[in-house]
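> Just the structure for this:
(chains A and B)
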Amino acid sequence: MKVRILVSFKDSVLDPQGQTVKNALHTLGYGAVRDVRQGKVFELELEGTTKKEAEALVPEIARRVLANPIIEKFDWEILKGR
Amino acid sequence: MKFGVVRFPGSNCDFDTLHVLGKVMKRPTVALWHKDHDLQGVDCVVLPGGFSYGDYLRSGAIARFSPLMQEVKAFARNGGRVLGICNGFQILLELGLLPGAMLRNKDLKFLCEHVHIRVEDDRTDFTRASKKGRVLRIPIAHFDGNYYAPARVLKDIERRRQVVFRYCDAEGRTTEEANVNGSMAGIAGLRNREGNVLGMMPHPERASEAVLGSEDGRAVFESIILSLERKGHDR
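Numbering: from 1, shown residues only, chains lettered A, B, ... in the order given. Sure, this is the predicted structure:
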């Protein structure tokens, strides 16, 4: 099974890199861009894992290692497999 | 008393720290390898600056899983003195020995310069050789030193007087300009509730000899020695 985990700053945390990208986009004339939040993407290949197991395992990995829960949140999805 | 300096792949201030503790402060000092399980009976563990594991994932995020760090965690929980400098501070945050987290510096720049920090409390094991309100001139060198804590945690930190150093100007004023990396409440150094663990972004080991332009960093090491030698080896 392949899963994708998206880690990004919590809404309450300022994201200066996202702000810088937003400013660059405005400079280029993309005035419609109201806000930019930057994050990290992880793709994990899981072996011998059922969907039910992944639902416990992936959030655990994300909370414990991939994201720092003090400043970051995460979302995840299954890309391949079931 | 004996100091131990933990070495991770990517540490680069380990030699400076070993030099200052061993040759300048003249105390027995050993290097500790992160894969070991033995703290070799040291009285104070120092986590040096650098880029452990290349800062991959987040600064300090991987180093906290090293075998030796589990020993350091237990050592700290038993009251052992732990000093984290720069990357060492980041590791202590990731390890959960200190509250909060580090964000990228406010201007998204790697900052490598001398800064001023003000001693907020001189009754800690890391500042007792100094004076409250004294301004220290010590260099910083980091990308992720913008201290962050949720409002509730920050309030708790201030209430318990855990802020040991704040960025300030040469006169000791905590201005927005002096807070070079944008840290919340200008926090440059923070201790745990119990007071045996300190994390600081400035590098005291780079300011411990006159030939390097400042000896202000010595106050931190002198304080630890004073605390430990006065109390003896009673642990």
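> Now for A:S8, how many residues are close by?
19 (other CB atoms under 10 Å in any protein chain shown). Backbone N, C-alpha and C define where each C-beta goes, glycine included.
> Check the one 5 residues further on too.
The burial count assigned to A:V13 is 16, neighbours taken as other CB under 10 Å.
> Test my guess that B:V30 contacts B:C44.
No: taking CB atoms under 8 Å as the definition, B:V30 is not a contact partner of B:C44, at 11.2 Å.
> Give the residue from these two that has the larger number of neighbours.
B:C44 (25 against 15).
> Quick check: the more buried one touching B:F3?
Yes: judged on CB under 8 Å, B:C44 makes contact with B:F3 at a distance of 5.2 Å.
> ok, back up a step: what do B:V30 and B:C44 both touch?
B:K2, B:F3, B:G4 (CB atoms under 8 Å, 6 or more residues apart in numbering or on different chains).
> What does the pLDDT read for A:K80?
On pLDDT, A:K80 comes in at 84.
> my guess is it meets A:R4, correct?
No: using CB under 8 Å as the test, A:K80 is too far from A:R4 to be in contact (9.6 Å).
> More neighbours: those two, which one.
Each of A:K80 and A:R4 has its neighbours counted (other CB under 10 Å); A:R4 has more, 15 against 10.
> Secondary structure class of that one, three-state.
Following DSSP: H, G, I helix; E, B strand; the rest coil, we place A:R4 in the strand state.
> Show me what it is bridged to.
Note on A:R4: beta-bridge partners by DSSP bridges are A:E43, A:E77.
> got a list of what it touches?
A:V41, A:F42, A:E43, A:L44, A:W76, A:E77, A:L79.
> Let's see that with 10 Å instead.
Going by CB atoms under 10 Å, 6 or more residues apart in numbering or on different chains, A:R4 touches A:V41, A:F42, A:E43, A:L44, A:V58, A:D75, A:W76, A:E77, A:I78, A:L79, A:K80.
> what residue ranges in the chain score low on pLDDT?
I'll assume chain A. Flagging of chain A using pLDDT under 70 yields the residue ranges A:82.
> was after chain B, sorry
Looking at chain B by pLDDT under 70, you get B:231-235.
> Quick check: residues of it near chain A?
Proximity of chain B to chain A is confined to B:57-58, B:60-62, B:64-65, B:93-94, B:96, B:99-108, B:146, B:148-151, B:153, B:182 under the rule CB under 10 Å from any CB of the partner chain.
> For chain B, which residue gets nearest to chain A?
B:A101 (4.3 Å; CB to the nearest CB).
> Distance check, that residue against B:E94.
Distance, B:A101 to B:E94, by CB to CB, to the nearest Å: 8 Å.
> State the distance from B:G100 to B:C44.
For B:G100 relative to B:C44 (CB to CB), the value is 23 Å.
> now the end-to-end length of stretch A:65-78.
Start-to-end span of stretch A:65-78 (CA to CA, to the nearest Å) is 19 Å.
> from the chain's centre, how far out does it sit?
Chain-centre distance of stretch A:65-78: 6 Å, with CA atoms, centre = their mean, to the nearest Å.
> ditto for stretch B:138-156
Mean-position distance between stretch B:138-156 and its chain equals 12 Å (CA atoms, centre = their mean).
> Just the buried positions in stretch B:70-83, please.
By neighbour count, with 16 or more other CB atoms under 10 Å in any protein chain shown as the criterion, the buried positions of stretch B:70-83 are B:E71, B:V72, B:K73, B:F75, B:A76, B:G80, B:R81, B:V82, B:L83.
> hey, where'd the helices end up in chain A?
A:16-27, A:51-61 (DSSP state H).
> so can I have a markdown table of those showing distance to chain B?
Below are those laid out as a markdown table (distance: least, CB to the nearest CB, whole Å):
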| stretch | distance to chain B |
| --- | --- |
| helix A:16-27 | 6 |
| helix A:51-61 | 12 |
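> any chance of those in JSON lines, plus distance to B:I225?
Shown next, in JSON lines, are those (distance: least, CB to CB, whole Å):
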{"stretch": "helix A:16-27", "distance to B:I225": "39"}
{"stretch": "helix A:51-61", "distance to B:I225": "42"}
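> Using CSV, please lay out these together with mean neighbour count.
Output for those, formatted as CSV (neighbours: other CB atoms under 10 Å in any protein chain shown):
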stretch, mean neighbour count
helix A:16-27, 14
helix A:51-61, 14
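> which stretches of chain B form helices?
B:14-19, B:67-77, B:87-95, B:151-159, B:218-231.
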